[in-house]
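S.K.: sequence plus the predicted model coming up.
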4 protein chains.
Amino acid sequence: MLKQARTLLSRSLCDQSHSLFQGKVKASTLRGFASWSDSSAPPGRGFSDDAKPSGGGRVFAPYAIFKGKAALTVAPVLPVFAKIDSGNVCIERRGTVMMTFMPAIGQRKYDWAKKQMFALSATEVGSVISMGSKDSSEFFHDPSMKSSNSGQVTKSLSIKPYEDSKSQDGKGGYYFSLSVQNKILKTNHYLVVPVTIAEFAVMKTAFSFALPYIMGWDRLIVQGENAPQSFSTHPKTDPLQLASEWDR
Amino acid sequence: MLKQARTLLSRSLCDQSHSLFQGKVKASTLRGFASWSDSSAPPGRGFSDDAKPSGGGRVFAPYAIFKGKAALTVAPVLPVFAKIDSGNVCIERRGTVMMTFMPAIGQRKYDWAKKQMFALSATEVGSVISMGSKDSSEFFHDPSMKSSNSGQVTKSLSIKPYEDSKSQDGKGGYYFSLSVQNKILKTNHYLVVPVTIAEFAVMKTAFSFALPYIMGWDRLIVQGENAPQSFSTHPKTDPLQLASEWDR
Amino acid sequence: MLKQARTLLSRSLCDQSHSLFQGKVKASTLRGFASWSDSSAPPGRGFSDDAKPSGGGRVFAPYAIFKGKAALTVAPVLPVFAKIDSGNVCIERRGTVMMTFMPAIGQRKYDWAKKQMFALSATEVGSVISMGSKDSSEFFHDPSMKSSNSGQVTKSLSIKPYEDSKSQDGKGGYYFSLSVQNKILKTNHYLVVPVTIAEFAVMKTAFSFALPYIMGWDRLIVQGENAPQSFSTHPKTDPLQLASEWDR
Amino acid sequence: MLKQARTLLSRSLCDQSHSLFQGKVKASTLRGFASWSDSSAPPGRGFSDDAKPSGGGRVFAPYAIFKGKAALTVAPVLPVFAKIDSGNVCIERRGTVMMTFMPAIGQRKYDWAKKQMFALSATEVGSVISMGSKDSSEFFHDPSMKSSNSGQVTKSLSIKPYEDSKSQDGKGGYYFSLSVQNKILKTNHYLVVPVTIAEFAVMKTAFSFALPYIMGWDRLIVQGENAPQSFSTHPKTDPLQLASEWDR
């Protein structure tokens, strides 16, 4: 049952992003399963608001949770590196796990144009994957923090276990609630998606998989596997000199 | 003891799939260890019913559990991607973990032709890997769900701990039971394989390894490692502009 | 302290395997830290008895635990694949995690020639990584099982927590005991290495990392990432046809 | 809030390492967020004291924790391999997870020149990732251990839970304290960074990811995936001969 729904939903996801990329509005329902339409449909803006330049090569594979009042998709956003002197590379912007909430606008239809996003940092991801079955988490973002505009636009994500959480019979879960407050525009958006224990387990496993990549640690590993420098050039060096923690 | 059996079983597995690919029936027993034969042997159909086209390049490495009344093999089935506009790629069908049950037809012989399959979705995999030692899980699939044929052919997979589960001395485990009901053909298949705690631990670890791949998240990572776009092209951009959760 | 010892030990390990490959006996002690010598030193046989052909390209990176009466090294041994019809590939022999015990023959000197090996299967690895802090495991191997020579040469590996296990203060751990009995040669070898909780945690993490590889599941993943077939060639196919668990 | 700070900090990190590589001193503050300056600025020495030769190709992606009195960055340092006879490769120096502490020299400014480093070995990493919520760890390093200079320069790293640790409400955590004592120079450095449960969860996940790489086990895997030898050349060999634990 779940699987069947999933198959069609992901197809819908492909079709929708396909049309969104061309700035068209399409709200097909594909046999009554979920879809999303874009009520504003800005031309040339598409499905994924990550930092990559337009022009192709993107891969879309979000994990999607469709519920009655809203949908939630999660996907990793990779870090951005900058080339610095001497051919070295430094992480410039860390990756995140992007959580996108969309309100339902009918049975199994969601409005992409009204989406609200929340980008979990590495430490926030760490907070989520270390949550016990009765733990709660709350994260607060303000783009103008420490400036004079502080507090004008704020976002908060709350993760709270169902009050009647019953992990034994698999019926427990968590409420994921995103609140976005804009004091200038006087808007206040609030979206809630109930997440089952199984869906939360997928998130935890996928987040744990993604965490080293959004931290950029996979680059540290790749450099080792490919670089000829990882062979010692002076194998006769006194081993004591190799204990680099003693270097200054 | 276990290892020795394993070695021969996997050899048998190769030999069998070899012959099955040619549409021949072979039921060698290889020194009394397990094997499987195909009582129907359709020419040209082989060992793995995944979505890949025939013509080579497949790899077979299922994790196999051979017990008295039935055998169970598990292996990941990768997602299928579709190319959409602008050179972008979208996941079209999510991967699964395919569980294949085969009834025993003699001592350490299993009938491949009577196999029954159950494809675990990402969320169902999440459900399995989050199971505690006393938890149960049950999954229900209906290919005609939401259509007029709903309920005619159904599958359910149940995972239940042994009643006398004793995790301390390593003698506990779980019953994996697959029930396939076809009301049109009036058939009802029921296969049970007892799975030890050690075998379940292998499944959990292997499922956790496979989960990001059946979700397609490895593609999100690979695109980052190879793509030149993951270097920022404008390192002087105001960092505030990079916080993509604020984009619309 | 630990780190310093480790640095020298691993150097010693390289030097020793270097000399062993040439069939020479060398028992350098490198400033009083551990080393091993080969009391029999068969020419042309080297450090690692895995299934690979001689001729180079091997990588040695065992995790080594050196204790008073014996040393233990662990390293994964990859599976062997066989090409079958149609260009397909089947796992022929599953990988293992090879545990090698060596008796001490002096202070921080170990005799490579008297090593005893035990190859953990995937399921046995699953048993180890699922062990709780008070659990024990015992594995039994007999190469002649089910033949007339059954019971003549047997190996058993026992993993038991210290009786005075104190996980809180980090002073607990496990005894790894290998017993090898040969009734024909009337020999009986018994080697014990105490393993701290931290060393056991390294094993569990490294075993969990290695498990999908010794099962060959990484091949299933790699085939997906490289193969063009993982793009759907008929994106307009009815999604219902893609639910491969319904195929026969 | 956290994310915003993070973005600027990592940018600062790039800029600083950029200037440090050229031996310049720069102490920009980037809108009041954290930065570090080098009060001694040795020309030609840079950000990372790992074992790699100068000349480019390095990647910097440390996980950084900035607190009131000190900052802590952690990053893996890969192992070094040596080519031995016959084209084989042996791990010569194991990798580590390098922990770098820097004292604060003002609000959100840290002194890179006064950094103190501690390199966690694989076993010490195992100790950290197996810590329960109430466990403590202490590690002790002496570069001159077992020589006549033993005890003159010593380092110890202590990880202790907050006394008022409250994991339920997410307000608990650990004190990471590094003490470096030099009896010759009569110096005694002591740096403490409080680490939240979420930050510790990031460390545990990232350390678990990095552990197989600092052990060099990824090389064992890579050799398998690329090497043609991992296909059996004699598929008809008696499987019993393949059970390599029985080889001598």
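M.R.: Yep, it's here. Bear in mind that the values here come from a model prediction, so they are computed numbers and not experimental data.
S.K.: helix or strand with the lowest mean pLDDT in chain A?
M.R.: Lowest on mean pLDDT, DSSP states H and E among the helices and strands of chain A sits helix A:2-21, with a mean of 42.
S.K.: list the beta-bridge partners for residue A:159.
M.R.: Taking DSSP bridges, one obtains residue A:137, residue A:176 as the residues bridged to residue A:159.
S.K.: can you report how many residues lie near it?
M.R.: Using other CB atoms under 10 Å in any protein chain shown, residue A:159 is surrounded by 19 other residues. Bear in mind the C-beta positions are built from the backbone N, C-alpha and C, glycine included.
S.K.: helices of chain A, residue ranges please.
M.R.: For chain A, applying DSSP state H gives helices covering A:2-21, A:122-129, A:197-214, A:217-226.
S.K.: mind showing which ranges of chain A have poor pLDDT?
M.R.: Under the criterion of pLDDT under 70, the regions of chain A flagged as low confidence span A:1-57, A:164-171, A:222-244, A:246-248.
S.K.: show me the strands in it, by range?
M.R.: For chain A, the strands defined by DSSP state E cover A:35-37, A:59-60, A:63-66, A:70-77, A:80-83, A:89-93, A:96-106, A:109-111, A:116-120, A:137-141, A:153-161, A:173-182, A:187-196.
S.K.: what's the longest one packed up against?
M.R.: In this case it means strand A:96-106. Using 3 or more CB pairs under 8 Å, 6 or more residues apart in numbering or on different chains; DSSP states H and E as the contact definition, the elements that strand A:96-106 packs against are strand A:70-77, strand A:109-111, strand A:116-120, strand A:173-182, strand A:187-196, helix A:197-214.
S.K.: surely residue A:67 touches residue A:194?
M.R.: Yes: in this structure residue A:67 lies within contact range of residue A:194 using CB atoms under 8 Å: 5.8 Å.
S.K.: quick one on the thing from earlier: for residue B:172, which of the strands of chain A is the nearest?
M.R.: Using CB to CB as the criterion, the shortest distance between residue B:172 and the strands of chain A is 25.6 Å, found for strand A:187-196.
S.K.: and that closest one, which strands flank it?
M.R.: So strand A:187-196, judged by DSSP bridges, has these partners: strand A:173-182 (antiparallel).
S.K.: what angle sits between the strand it pairs with and strand A:116-120?
M.R.: 110 degrees (axes from the mean of the first three to the mean of the last three CA atoms, to 10 degrees).
S.K.: what residue in chain A comes nearest to chain D?
M.R.: Closest to chain D within chain A is residue A:87: 2.7 Å, counting by CB to the nearest CB.
S.K.: what about that residue, how many neighbours?
M.R.: Using other CB under 10 Å, residue A:87 is surrounded by 10 other residues.
S.K.: the one 3 residues further on now?
M.R.: By other CB under 10 Å, 25 other residues sit near residue A:90.
S.K.: now do residue A:156
M.R.: Based on other CB under 10 Å, the number of other residues close to residue A:156 is 17.
S.K.: quick one: residue A:95 and residue A:77 touch, right?
M.R.: Yes: between residue A:95 and residue A:77 there is a contact under CB under 8 Å: 5.3 Å.
S.K.: what do the two both touch?
M.R.: Residues touching both residue A:95 and residue A:77 comprise residue A:214, with contact defined as CB atoms under 8 Å, 6 or more residues apart in numbering or on different chains.
S.K.: which one of those two has more residues nearby?
M.R.: Legend: neighbour count by other CB under 10 Å for residue A:95 and residue A:77, higher for residue A:95 (28 against 25).
S.K.: distance check, the closest residue to that one other than its chain neighbours against residue D:200.
M.R.: In space, and not counting its chain neighbours, residue A:95 is closest to residue A:214: 3.0 Å by CB to CB, 6 or more residues apart in numbering or on different chains. In this structure, residue A:214 and residue D:200 are separated by 17 Å, where distance is defined by CB to CB, to the nearest Å.
S.K.: again, but for residue A:89
M.R.: From residue A:89 over to residue D:200 the distance is 28 Å, taken as CB to CB.
S.K.: can you count the residues close to residue A:193?
M.R.: That count, for residue A:193 with other CB under 10 Å as the rule, works out to 22.
S.K.: I'd say it and residue A:70 touch.
M.R.: Yes: counting by CB under 8 Å, a contact exists between residue A:193 and residue A:70, whose distance comes to 5.1 Å.
S.K.: shared neighbours of these two, which are they?
M.R.: Taking CB under 8 Å, 6+ apart as the criterion, residue A:193 and residue A:70 both touch residue A:101.
S.K.: for the nearest residue to residue A:219 once chain neighbours are set aside, list each beta-bridge partner.
M.R.: Spatial nearest neighbour of residue A:219, chain neighbours left out: residue D:59 (4.5 Å); criterion: CB to CB, 6+ apart. With DSSP bridges applied, the residues forming beta bridges to residue D:59 are residue A:89.
S.K.: hang on, residue D:59 packs against residue A:217?
M.R.: No: assessed by CB under 8 Å, residue D:59 is found out of contact with residue A:217, at 9.4 Å.
S.K.: neighbour-wise, which of these two wins?
M.R.: In this comparison of residue D:59 against residue A:217, neighbours counted by other CB under 10 Å, the higher total goes to residue A:217 at 25 against 21.
S.K.: right, and the more buried one touches residue D:60 too?
M.R.: No: using CB under 8 Å, residue A:217 is not in contact with residue D:60; the gap is 11.2 Å.
S.K.: shared neighbours of these two, which are they?
M.R.: Looking at what touches both residue A:217 and residue D:60 (by CB under 8 Å, 6+ apart), the common residues are residue D:75.
S.K.: any idea how far residue D:193 is from residue A:139?
M.R.: Between residue A:139 and residue D:193 the distance, using CB to CB, works out to 22 Å.
S.K.: hmm, I typed the wrong one, I wanted residue A:202.
M.R.: Counting by CB to CB, the separation of residue A:202 from residue D:193 is 33 Å.
S.K.: then residue A:189?
M.R.: Using CB to CB, residue A:189 is found at 37 Å from residue D:193.
S.K.: nice, that's everything, thank you.
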